[in-house]
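Engineer: what's the 3D shape of this:
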Amino acid sequence: MLRLRNLRSRKIVSFQINKMSKKPSTPSNRPPSIDQIARAISDLDLPHPLLVDAAREAVNNANGNDVVEEARKIGEIISRTLLTDVINATGVLLHTNMGRSPIKIESQNQNFRFSNLELDLETGERGSRQDRSSKLIARACGAESALVVNNCASAVLLVIAALAEERGVAISRSELVEIGGGFRIPEIIEQSGAHLIEVGTTNRTRRKDFEKAITKNDVSLVLKVHQSNYRIVGFTETTEISEMTGLGVPLVADIGSGLIDSACPWLENGPPKWLIDEPAAKQSLESGAEIVTFSGDKLFGGPQAGIIAGKAELVELCAKHPMARVVRPGSLTLSALQDVTISYLERRASSIPFWKMATSTVDELKIRANKISKKCATETSATPGGGTLPGVEIPSAGLKLTGDHVEFFRQQNPPIICRVDNDQTFIDLMTVHPSDDVFIDNAVKKIQ
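Structural biologist: Model prediction:
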């Protein structure tokens with residue numbers, strides 16, 4: 001009897017102990033785990049580790065806010081820091097911040113494949129990556145040979161290093177320019193191993209100035225640099241390429257923007273008025289330059305690249321220099337350049353996005369603007385951009401909205417990049433592909 005009572009009491013005690021030790025239920029306001037937060041915002045289409053980063057930052061910054069919504073905001077910010085497509089509605093045709101010239105990327109097949117980048121398909125032996133697009137570019141601009149590097153600054157650096165190392169480079173003082181990103185011609189010459197010979201004055205330089213410099217110094221080449229994004233006006237004088245031939249040393253012309261032929265034979269109506277006086281590769285070589293250098297992503301309308309074109313023996317010296325391997329381009333760049341150059345040779349400007357955009361008529365743009373919003377439709381002025389043709393304006397059309405809405409448009413998907421002037425927001429349609437008008441339309445309707 002006693003034993004039974006003891007057993008019974010143990011059970012009671014045990015029951016009471018178990019009841020007391022039972023963990024309290026989780027409060028409903030307890031924040032979700034980091035993983036739960038990350039999964040809740042997985043529709044942002046970011047890699048899971050980045051979603052976790054957003055979730056952790058949201059928990060740290062919560063301060064009573066909805067932690068999931070906070071994580072979503074942080075995730076959206078992370079998304080906008082990644083490389084993505086944007087709509088250029090600024091009217092700047094070659095906008096450096098947006099990759100300069102737009103290029104069309106097409107894949108002929110969904111499966112992965114290799115390329116014959118350095119494979120000679122005739123012999124089966126190793127070939128040169130410069131044997132394809134480089135030869136096509138040389139053909140397009142009337143050069144004996146050409147070489148492709150990763151950008152125009154590299155092209156100038158390689159040419160000087162290969163042709164003038166430890167010797168002098170003569171250049172007019174008016175052409176000692178600074179290009180984008182703070183790179184200066186004197187510094188490029190210094191890095192090449194050559195030394196600078198300044199010629200003439202800031203505003204006036206003549207042929208006899210070069211002759212004098214070559215006589216007095218160990219000059220290996222003469223460099224002529226297109227002033228690109230600035231002009232000297234007033235009491236000025238410059239020496240044209242045709243006046244600089246026969247100096248006894250190679251003449252290298254950095255024409256910068258990459259117009260390959262001033263006649264623009266790929267355009268049905270010839271060159272647009274805003275291109276007048278822009279130096280071109282073909283005419284520069286015909287005038288006497290032994291080498292020209294220019295960008296691939298400006299008026300050429302291709303990917304970022306630097307082109308060296310001209311006399312075969314000089315281009316070969318550049319190709320054999322050790323620096324050539326350091327600045328060589330990859331297969332994607334060369335493939336894109338090949339496609340663009342073939343379009344030039346076939347005179348199909350419509351297949352080159354830059355030229356299709358740059359030759360849009362004002363009437364065409366007005367029709368598109370009125371379709372989006374007759375109330376906001378207006379005439380505008382586009383610009384070449386990319387450090388080319390300073391001060392040049394191109395008649396265009398687009399939309400004008402009262403107030404500063406640039407941040408609102410930038411937050412759209414895809415982001416729409418426009419400009420503001422005197423508290424008015426302008427959307428220039430010359431730099432917007434017609435298929436993107438629907439995104440402009442949707443965004444404008446949210447404001448009106």
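Engineer: where does the protein have low pLDDT?
Structural biologist: The chain contains residues with pLDDT under 70 at 1-31, 64, 105-110, 180-181, 229.
Engineer: grab the most central residue of it for me.
Structural biologist: Geometric centre of the chain, nearest residue: Gly99, 2.0 Å, by Cα atoms, centre = their mean.
Engineer: give the contact list for it.
Structural biologist: With contacts defined as Cβ atoms under 8 Å, 6 or more residues apart in numbering, the neighbours of Gly99 are Asp297, Gln304. Yep, even glycine has a C-beta here, placed from its N, CA and C like the rest.
Engineer: again with Lys366
Structural biologist: By Cβ under 8 Å, 6+ apart, Lys366 lies in contact with Ala377, Glu379, Ala397.
Engineer: cutoff 7 Å now
Structural biologist: For Lys366, the contacting residues are Ala377, Ala397, by Cβ atoms under 7 Å, 6 or more residues apart in numbering.
Engineer: tell me which element it is part of?
Structural biologist: Element membership of Lys366 [criterion: DSSP states H and E] is helix 362-372.
Engineer: what comes up buried for that helix?
Structural biologist: Counting neighbours by 16 or more other Cβ atoms under 10 Å, one finds that the buried residues in helix 362-372 are Leu365, Lys366, Arg368, Ala369, Ile372.
Engineer: can you check stretch 184-195 too?
Structural biologist: Those buried within stretch 184-195 under the rule 16+ other Cβ under 10 Å are Ile185, Ile188, Ile189, Ser192, Ala194, His195.
Engineer: and what of stretch 323-336?
Structural biologist: Buried residues in stretch 323-336, defined by neighbour count with 16+ other Cβ under 10 Å: Met323, Ala324, Val327, Arg328, Pro329, Thr333, Leu334, Ser335, Ala336.
Engineer: what is the burial count for the residue nearest to Ser134 when sequence neighbours are not counted?
Structural biologist: Closest residue to Ser134 apart from its sequence neighbours, by Cβ to Cβ, 6 or more residues apart in numbering: Ala146 at 4.5 Å. The tally of other residues near Ala146 (other Cβ atoms under 10 Å) stands at 26.
Engineer: quick one, domains of this structure?
Structural biologist: Using automatic domain parsing, the domain parsing of the chain gives 38-82, 87-102+355-447, 133-350.
Engineer: CSV please, covering those domains and showing distance to Glu125.
Structural biologist: Output for these, formatted as CSV (distance: least, Cβ to Cβ, whole Å):
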stretch, distance to Glu125
domain 38-82, 41
domain 87-102+355-447, 35
domain 133-350, 18
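Engineer: is it true that Ala161 touches Ala324?
Structural biologist: No: with contact defined as Cβ atoms under 7 Å, Ala161 does not reach Ala324; the gap is 9.3 Å.
Engineer: ok now stretch 139-153, how far from the chain's centre?
Structural biologist: From the chain centre to the centre of stretch 139-153 is a distance of 19 Å (Cα atoms, centre = their mean, to the nearest Å).
Engineer: got the contact list for it?
Structural biologist: The list of residues contacting stretch 139-153 from outside it, by Cβ under 7 Å, 6+ apart, reads 130, 133-134, 137-138, 155, 158, 179, 183, 188, 256, 260-261, 281-282, 285-286, 293-295, 304-312, 315, 318-319, 327-329, 334, 337, 341, 344-345.
Engineer: from these, which would you call buried?
Structural biologist: The neighbour-count test (16+ other Cβ under 10 Å) applied to the contacts of stretch 139-153 identifies 130, 133-134, 137-138, 155, 158, 179, 188, 256, 260-261, 281-282, 285, 293-295, 304-311, 315, 318-319, 327-329, 334, 337, 341, 344 as buried.
Engineer: in contact with Ala40, which residues?
Structural biologist: Val68.
Engineer: look up how far Ala161 lies from the residue lying closest to Ser154 once chain neighbours are set aside.
Structural biologist: Among residues not flanking Ser154 along the chain, Val327 sits closest, at 4.0 Å (Cβ to Cβ, 6+ apart). Counting by Cβ to Cβ, to the nearest Å, the separation of Val327 from Ala161 is 10 Å.
Engineer: over to the nearest residue to Asp45 once chain neighbours are set aside: give its phi and psi.
Structural biologist: In space, not counting the residues next to it along the chain, Asp45 is nearest to Ser79; the distance is 7.8 Å by Cβ to Cβ, 6+ apart. For Ser79, the backbone dihedrals are phi -60, psi -40 (criterion: degrees, to the nearest 10).
Engineer: quick one: Ser79 from Glu313, how far?
Structural biologist: Looking at Ser79 against Glu313, where the rule is Cβ to Cβ, the gap reads 51 Å.
Engineer: more neighbours, the two?
Structural biologist: Set side by side, Ser79 and Glu313 give different neighbour counts by other Cβ under 10 Å, the larger being at Ser79 (15 against 11).
Engineer: does the more buried one touch Leu50 like I think?
Structural biologist: No: Ser79 sits out of contact with Leu50 when judged by Cβ under 7 Å, with a separation of 8.7 Å.
Engineer: what is the neighbour count of the residue nearest to Asn203 when sequence neighbours are not counted?
Structural biologist: In space, and not counting its chain neighbours, Asn203 is closest to Thr236: 4.8 Å by Cβ to Cβ, 6+ apart. Residues near Thr236, counting by other Cβ under 10 Å, number 13.
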